[in-house]
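Chemist: prediction below, plus the sequence it came from.
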Amino acid sequence: MTPNDRFLRLGAAHRRQVHLSLCADVLPTWTDYVRGNPAALRYRDSVVGMRHHVDVELPIDALEAARAGVDPTNIGGRYLEPIAALQDDDLTFPDPVEFAYYAIYNCFRKYVSGEDIADWLIVNQALAVHDPGEAAQRLTRAIDGVDPVTGEGVSSGG
């Protein structure tokens, strides 16, 4: 059975843990980018011409909120401007960074805002951050990291 088939056969709690694992895996792509590119974190929106600065903590906060299932710091509201800017091409990131940003955003929307986000969309976005040849291995690792009884993430020990 392929990793894709295995994922699609998981129950909702297991899929959630796979999503959280894959998003945690892509978070360093975001954090590494924002540390090294401060100029890329400023943009001007084309609608009213206002200058904006990217909230570098937003994906970190969003992933924590998705884990907890609550939005304690208005993460949903904080995403409104940068998502609009990305869609209007006022703000651009390299593809892997953008995929990481959207994967975490959609994970937040699904598990905190209760939006009907397709399970496979989050998986696709998170896997698109990496080399395509790594996708099956990364998905397998995320699936194998979920306890089949509880649906919670398990540590690999060490």
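Modeler: Received the coordinates, thanks.

Chemist: ok, which stretches of the chain are strands?
Modeler: Counting by DSSP state E, the chain has strands at residues 42-44, 51-53.

Chemist: what helices or strands is the least confident helix or strand in the chain by mean pLDDT leaning on?
Modeler: Here the helix or strand of the chain ranked lowest by mean pLDDT, DSSP states H and E is strand 42-44, holding a mean of 81. Counting contacts by 3 or more CB pairs under 8 Å, 6 or more residues apart in numbering; DSSP states H and E, strand 42-44 is packed against strand 51-53. No exception for glycine: its C-beta is placed from N, CA and C like everyone else's.

Chemist: distance from the chain centre to the strand it packs on, please.
Modeler: 22 Å (CA atoms, centre = their mean, to the nearest Å).

Chemist: what does stretch 32-45 give?
Modeler: Distance, centroid of stretch 32-45 to centroid of chain: 18 Å (CA atoms, centre = their mean).

Chemist: and if you look at stretch 119-128?
Modeler: With CA atoms, centre = their mean, you get 8 Å for stretch 119-128.

Chemist: report the buried residues of that stretch.
Modeler: 119, 122, 123, 124, 125, 126, 127, 128 (16 or more other CB atoms under 10 Å).

Chemist: the first one contacts residue 14, correct?
Modeler: No - shown here, residue 119 and residue 14 do not form a contact pair, counting by CB atoms under 8 Å, at 10.5 Å.

Chemist: dump the residue contacts of the most centrally placed residue in the chain.
Modeler: By CA atoms, centre = their mean, the chain has its centre lying nearest to residue 104, at 1.8 Å. By CB atoms under 8 Å, 6 or more residues apart in numbering, the contact list for residue 104 reads 23, 26, 27, 30, 59, 62, 63, 66.
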